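Colleague: One predicted model, sequence on top.
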Amino acid sequence: MQTKETNCPCGSLKKYNNCCALIHNNIFEAKTAEQLMRSRYTAFVIANGTFLQKSHASKTRPNTREQKDLLQWTKSVDWIKLEILKSTKDTVEFKAFFQLNGKLDVIHEKSQFIIENGYWVYFGIV
Ligand SMILES: [Zn+2]
């Protein structure tokens with residue numbers, strides 16, 4: 001559980017309430033693609049499906065079935081940490097480490113972000 005005493009899962013060393021929670025409550029708070037990406041990682045950690053949908057570009061957003069699977073999957077893994085390798089204005093390359101059934105695994109992705117309705121959203125893999 002995230003409380004205001006817990007460091008934010010995104011690795012910022014700030015408290016969750018002073019970090020990704022601000023973006024989860026108001027997506028316009030993500031001023032850069034990297035901030036949005038970090039807040040999406042945190043949303044995976046705490047299984048915030050509403051935010052994952054909102055922060056996904058409308059063109060590439062998962063359908064209801066896919067959303068359900070994604071949420072179920074993220075609840076079944078233990079998220080370990082996020083490593084940002086490189087970010088530009090509209091791309092972020094990262095590694096997201098997690099354990100599934102005690103086995104360490106990593107997602108290594110370069111993501112594309114766009115501005116839609118005035119705020120940053122995830123578009124897809126570059
Ligand atoms: Zn954060």
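Modeller: Nice, I can see it.
Colleague: strands paired with the helix or strand harbouring His108, and their directions?
Modeller: In this structure, His108 sits in strand 103-116 according to DSSP states H and E. Sheet pairing of strand 103-116 (DSSP bridges) gives strand 91-100 (antiparallel), strand 119-125 (antiparallel).
Colleague: Tell me the buried residues in it?
Modeller: Within strand 103-116, the residues scored as buried using 16 or more other C-beta atoms under 10 Å are 109, 111-113. Yep, even glycine has a C-beta here, placed from its N, CA and C like the rest.
Colleague: what's next to it, contact-wise?
Modeller: Contacts of strand 103-116 with the rest of the structure, by C-beta atoms under 8 Å, 6 or more residues apart in numbering, involve 33, 36-37, 57-58, 77, 80, 90-99, 120-126.
Colleague: And the buried ones among those residues, selectable in PyMOL?
Modeller: PyMOL command restricting the contacts of strand 103-116 to the buried ones, with burial defined by 16+ other C-beta under 10 Å:
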select buried, resi 33+36+37+57+77+91+92+93+94+96+98+120+121+122+123
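Colleague: Okay, the residue most central in space within the chain and Lys54: tell me how far apart.
Modeller: Centroid-nearest residue in the chain: Arg40, 1.6 Å away (criterion: C-alpha atoms, centre = their mean). Plainly put, Arg40 is 10 Å away from Lys54 if you go by C-beta to C-beta, to the nearest Å.
Colleague: and what of Gln72?
Modeller: Gln72 sits 19 Å away from Lys54, going by C-beta to C-beta.
Colleague: who has more neighbours, those two?
Modeller: Lys54 (15 against 11; other C-beta atoms under 10 Å).
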